[in-house]
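> sequence first, predicted coordinates after that:
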Amino acid sequence: MTLIGIGDTLQRRVLVNATDLNNIRILANEIYPIFPKIIDEFEFRMIPTAAATRQDLSVGKCCTFDDPKQFISRPEKHLIFDGRYFQSFKYFNHIRLKIRELLKPKDQIFQKAECLLPERHRNDFIICPHIRRGDFQTDDFHQPTDPKFTRAATDFLVDYYRKSHPRVTVAVFGNDVKFVYEVFKDLLDTINLPRKYSVVLTPTLAPEIDLAFTRKFCDVTLITAPSSTFGWWLSYLSKEGSVTYYRNIQETQDKVANEMKEEDFYPPEWIKLRYDNVTGRIDTFF
């Protein structure tokens, strides 16, 4: 998406070098079956290495914006940008509607996503926390989802939105079903007991199904692991008009904070949450 956004900014056609068969394989086997419209954004050409000019862009830090407009007057026919990650919405936010259309899953995927939410909750106001654990627990770099923050932030959001929506349901996404169960076991929709609110667990079937679900149902998204890129994309592509909340990365041990310019990584309309480990209190930054 960054490549497409840079192409639009520089008013250039986006090329895929057809001499690299791995590029073709990834587009054909991994991207096209889920997001078929993306393929139309690329032009495939055999480009000899000597025919292109290489240029550094977004080198070093993962989550900062290096404005490609600085190259808009370059006369070379072919430009190759070398960099790392390109994890800033500013590369493509000016074509956000187009990005949302390109990353709209197929109808069949939406049909599978609908099966995750019981019929009785389809008209509820849906809050969607995203859980990121897995390798984040062991890589000594990222901050994995914290159970206390997750429960406190979810309770906070439910209390806030109940003031304007009488029926609020929580649908939880993530890559650690056991963890989610432990955090929300007293609130699960399958328990036939009085509870503060209902929690629906969404089993990890496939990333594109989670994406389709958030796009169709989630009125609010909550990023509990502040450097989770999948949580970021679920929020960026969620239901039109949805509101996103995220944990303040500065209050965690997440080392990505050292490579991040927050205003380049989190869109300005997203709302930062602050958590007090002593009192368990959640506050918002404005």
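Received, thanks.
> for the spatially most central residue of the chain, which non-adjacent residue is closest in space?
The centroid of the chain falls nearest to W233 when counting by C-alpha atoms, centre = their mean (1.7 Å). Sequence neighbours aside, L211 is the residue nearest to W233 in space, at 7.3 Å (criterion: C-beta to C-beta, 6 or more residues apart in numbering). For every residue, glycine as well, the C-beta is placed using N, CA and C.
> ok, now P147?
In space, and not counting its chain neighbours, P147 is closest to V183: 4.9 Å by C-beta to C-beta, 6+ apart.
> picking up where we left off before, roughly how far apart are the residue nearest to the centre of the chain and Q250?
Computed as C-beta to C-beta, to the nearest Å, the W233 to Q250 distance reads 22 Å.
> what's the per-residue pLDDT of the nearest residue to N123 once chain neighbours are set aside here?
If you skip the residues right next to it in sequence, N123 has R167 as its closest partner in space, 7.3 Å away by C-beta to C-beta, 6+ apart. Reported pLDDT at R167 in the predicted model: 95.
> what's near enough to touch R167?
The contact partners of R167, taken as C-beta atoms under 8 Å, 6 or more residues apart in numbering, are 123-125.
> could you rerun that using 10 Å?
The contact partners of R167, taken as C-beta atoms under 10 Å, 6 or more residues apart in numbering, are 120-121, 123-126, 197-198.
> buried ones in the top helix by length along the chain?
For the chain, the helix with the greatest residue count under DSSP state H is helix 147-161. By neighbour count, with 16 or more other C-beta atoms under 10 Å as the criterion, the buried positions of helix 147-161 are 147, 149-158, 160-161.
> surely C128 is in a strand?
Yes. With DSSP: H, G, I helix; E, B strand; the rest coil as the criterion, C128 is located in a strand.
> surely it is in contact with V168?
No. Look at C128 against V168 with C-beta atoms under 10 Å: they stay out of range, at 11.6 Å.
> distance from the centroid: which residue in the chain tops it?
Largest centre distance within the chain, by C-alpha atoms, centre = their mean: A50, 36.6 Å.
> relative to I80, how far out is that residue?
12 Å.
> try D40
Remark: distance between D40 and I80 (C-beta to C-beta) = 21 Å.
> higher neighbour count, the two?
I80 (14 against 8; other C-beta atoms under 10 Å).
> C-terminal to the helix or strand harbouring the more buried one, what's the next element?
Assigned by DSSP states H and E, I80 belongs to strand 79-82. Reading on from strand 79-82 to the C-terminus, the next helix or strand found by DSSP H and E is helix 96-102.
> CA atoms of that following helix as CSV?
Provided in CSV are the C-alpha atoms of helix 96-102 (Å, rounded to 0.1, in the frame of the first residue of the first chain):
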residue,chain,number,x,y,z
ARG,A,96,-7.4,6.1,1.9
LEU,A,97,-10.7,5.4,0.1
LYS,A,98,-8.8,3.7,-2.7
ILE,A,99,-6.8,1.7,-0.2
ARG,A,100,-10.0,0.6,1.5
GLU,A,101,-11.4,-0.6,-1.8
LEU,A,102,-8.2,-2.4,-2.8
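> who's in contact with that helix?
Contacts of helix 96-102 from elsewhere in the structure, counted by C-beta under 10 Å, 6+ apart, are 1, 4-5, 8, 35-41, 89, 92-93, 95, 215, 236-238, 240, 267.
> out of the residues you listed, which are buried?
Among the contacts of helix 96-102, the ones that count as buried by 16+ other C-beta under 10 Å are 1, 4-5, 8, 35, 41, 89, 92, 95, 215, 236-238.
> if we can go back for a sec, buried set for the strand holding I80?
Judged by neighbour count using 16+ other C-beta under 10 Å, the buried positions of strand 79-82 are 79, 81.
> pull the contacting residues for the nearest residue to T284 once chain neighbours are set aside.
With C-beta to C-beta, 6+ apart as the criterion, T284 has its nearest non-adjacent residue at 5.5 Å, and that residue is I271. When contacts are counted by C-beta under 10 Å, 6+ apart, I271 touches 157, 220, 222, 243-246, 284-286.
> out of the residues you listed, list just those in strands.
Per DSSP state E, strands hold the following members of those: 220, 222, 243-246, 284.
> what is the nearest of those residues to N29?
Of all these, T244 has the smallest distance to N29: 31.2 Å, by C-beta to C-beta.
> phi and psi next, for T229.
Summarising the backbone geometry of T229 under the convention degrees, to the nearest 10, its torsions are phi -70, psi -30.
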